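K.L.:
return atomic coordinates for the entry below.
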Amino acid sequence: RHRSLGEERASQDLNMAMAGRQILKNIASRARWTILTLPWLMAGCVTPVEYGEIPHSAYVAADRCNPTANDKIDGSDKPFFFVTSRLPNCLTENISLLNHRGDKVRYGRFAAPRDVEREPGKTTRTIPLAFSDSQLWWKEVSSEMKAADGRVLLYVHGYRETFFSSSRDTDQIKRLANFQGPAIQYSWPSQGALLKYPVDETNMYWDERNFRKFLMQLAQLETTKEIVLISHSLGARLVLPSLEYVDRNVPNSDSSVISNIILVSPDVDTQDFERDIAEEILSDRRVRNDRRITVYASLHDRALSLSDNYHGYPRLGYPRCFDPFVAADLKARNLPERCYAKYPKYVEAIDKTALTIIDSTAISRGTSGHSNYLLSAPVCKDFAAVVNGERAPKGRQATHLAHVFTLAPPPKDAKPDHLAICRRTE
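P.N.:
So this is what the prediction gives:
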């Protein structure tokens, strides 16, 4: 009996030692990211947003900031549309959009990046833009949608973006997908800086009311037949609650035109997403009316890895397994230790796919791995096909989950020109 008790105690001591080693291993593996994140968090938390030396009212006093219906814009020169809550700088003829919150939502048109000579022999890469009267803007959008069978592309950028970078990406998306309808970007006051994540998060929540009102109006236009709604990164947290709001407050026939929803590297709590889609966004009637969501995720997304550490729970675009028992089971089955948002059970009986997740971990590119849809050739091809309405583009590889796919990497001896295939010019 004494020998049995001794053996039992030895076994307990061994288990405790093994558990201790695992804890230390977990702490060590996350400590590196914590150290990297610490200055980012500290700087973001303690550095206030500077108002500046010029009264904000002075920036918007000029007539060019407050156009009338008579101030028409040449659509051939500025083919893209924008809506923004950023503060504009209209002190000079070359209008720019700042990182501050604006006094109201403004509408306008812009062109792709181009070199402009500001001084003799010196050029600056810039985005030509002009503001438009809101009623005239809606009339022009409606006219272009009508010529494109009612289709419109709406892009909502994410964290660390300027108006220049989000305009460049809007241009690339339209060219990559060869989208024939009007392309609109919604630009909220991201600070465009690495250490301003908390400010971006605050401004994103501040802007939710503006965006949901705009989205509702776009969905209710008589000419709107299909809205291809694309969000990147933190933009998904602006899009999803706004979409819920629109679903609750307009007739089903109107909000269901928001049918093709694409969430790229979404900085959204995975469990929150699972709960919200079950309530409204992917309801039975919406899915039957052709609504679906495509998510692009990667475990090599460094930006979402930091967000994961910051928020403490997995992000929708970063398939880390929160539950160690699930991870252990996947490992025992010789499967990648990656966990994704669950497929909504209540739409399993419908013969239309409601949720598709594309894991681009194996073909991630770029320094952060946060923009594979614009930098990695296989992802760019799949993304362009989804924008154009394809449900099962070529190149996808099935996984153990019916709604999750990976993308086939290029052959080892192949050297694809990723930037050319992705139509990346910057």
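
K.L.:
when you work out contacts or count neighbours from here on, use the C-alpha atoms and nothing else.
P.N.:
Fine.

K.L.:
wait, Gly366 touches Tyr373, no?
P.N.:
No. The pair Gly366 / Tyr373 is not scored as a contact, 10.7 Å apart, by Cα atoms under 8 Å.

K.L.:
give me the more crowded residue out of those two.
P.N.:
Tyr373 (24 against 12; other Cα atoms under 10 Å).

K.L.:
is that one part of a helix or strand, or is it coil?
P.N.:
Judged by DSSP: H, G, I helix; E, B strand; the rest coil, the three-state class of Tyr373 is helix.

K.L.:
can you name the residues that contact it?
P.N.:
Contacts for Tyr373 (Cα atoms under 8 Å, 6 or more residues apart in numbering) come out as 264, 379-380, 383.

K.L.:
could you redo the last one with a cut-off of 10 Å?
P.N.:
173, 232, 264-265, 296, 360, 364-365, 379-384, 422 (Cα atoms under 10 Å, 6 or more residues apart in numbering).

K.L.:
do Glu244 as well
P.N.:
Counting by Cα under 10 Å, 6+ apart, Glu244 has contacts 212, 255, 276-277, 279-282.

K.L.:
shaky segments in the stretch 101-250 of the chain?
P.N.:
Nowhere does the stretch 101-250 of the chain drop to pLDDT under 70.

K.L.:
any idea of the mean pLDDT in stretch 81-96?
P.N.:
For stretch 81-96, mean pLDDT is 97.

K.L.:
give me the buried positions along it.
P.N.:
81-90, 95-96 (16 or more other Cα atoms under 10 Å).

K.L.:
same deal with stretch 348-364?
P.N.:
Quick answer for stretch 348-364 (16+ other Cα under 10 Å): 353-361, 363-364.

K.L.:
does Lys174 count as helix, strand or coil?
P.N.:
helix.

K.L.:
all strands for the stretch 151-300 of the chain, in order.
P.N.:
151-156, 183-187, 226-232, 260-264, 292-297 (DSSP state E, counting those that start in this stretch).

K.L.:
among those strands, which is nearest Ile127?
P.N.:
Across the strands of the stretch 151-300 of the chain, Ile127 has its closest neighbour in strand 183-187 (13.2 Å, Cα to Cα).

K.L.:
now for the closest one, which elements pack on it?
P.N.:
Using 3 or more Cα pairs under 10 Å, 6 or more residues apart in numbering; DSSP states H and E as the contact test, the elements touching strand 183-187 are strand 80-89, strand 96-110, helix 134-147, strand 151-156, helix 163-177, helix 208-219, strand 226-232.

K.L.:
who does it pair up with?
P.N.:
strand 80-89 (parallel), strand 151-156 (parallel) (DSSP bridges).

K.L.:
tell me which of those sits nearest to Asp115.
P.N.:
Here strand 80-89 is closest among these (Cα to Cα), at 17.5 Å.

K.L.:
strands of the stretch 301-426 of the chain, start to end?
P.N.:
355-359, 396-398, 404-407.

K.L.:
about what we covered before: want to throw the strands paired with strand 183-187 into TSV with distance to Glu222?
P.N.:
Below are the strands paired with strand 183-187 laid out as TSV (distance: least, Cα to Cα, whole Å):
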stretch	distance to Glu222
strand 80-89	19
strand 151-156	12
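
K.L.:
closest one of the buried residues of stretch 348-364 to Val250?
P.N.:
Ala354 (20.9 Å).

K.L.:
how about that closest one, what does it touch?
P.N.:
277, 281-284, 286-288, 290-294, 343-344, 347-348, 403.

K.L.:
please report how far it lies from Asp284.
P.N.:
Applying Cα to Cα, to the nearest Å, the value for Ala354 to Asp284 is 9 Å.

K.L.:
follow-up on the earlier one: so which of the helices and strands packed on strand 183-187 comes closest to Ser187?
P.N.:
strand 80-89 (4.7 Å).

K.L.:
by how many degrees do the closest one and helix 134-147 diverge?
P.N.:
On the basis of axes from the mean of the first three to the mean of the last three Cα atoms, to 10 degrees, strand 80-89 is oriented at 160 degrees to helix 134-147.

K.L.:
need the buried ones from the contacts of Ala354 selected in PyMOL.
P.N.:
Those of the contacts of Ala354 that count as buried under 16+ other Cα under 10 Å are selected in PyMOL with:
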select buried, resi 277+281+282+283+284+286+287+288+290+291+292+293+294+343+347+403
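
K.L.:
just to revisit the earlier point, select from the contacts of Tyr373 every entry located in helices.
P.N.:
173, 379-384 (DSSP state H).

K.L.:
by neighbours, which of those wins?
P.N.:
Val379 (29 neighbours).

K.L.:
next, count neighbours for Leu234.
P.N.:
Neighbours of Leu234 using other Cα under 10 Å come to 26.

K.L.:
Asp133 and Ala183, how far apart?
P.N.:
From Asp133 to Ala183 the distance is 18 Å (Cα to Cα).

K.L.:
who's more crowded, the two?
P.N.:
It is Ala183, of Asp133 and Ala183, that has more neighbours when counted by other Cα under 10 Å, with 23 against 20.

K.L.:
now do the contacts for the more buried one.
P.N.:
Contacts of Ala183 by Cα under 10 Å, 6+ apart are 79-82, 141, 144-145, 151-155, 170-171, 173-174, 228.

K.L.:
ok, now with 6 Å
P.N.:
80, 153 (Cα atoms under 6 Å, 6 or more residues apart in numbering).

K.L.:
same question for the one 3 residues further on.
P.N.:
Applying Cα under 6 Å, 6+ apart, one finds that Tyr186 lies in contact with 82-84, 156.
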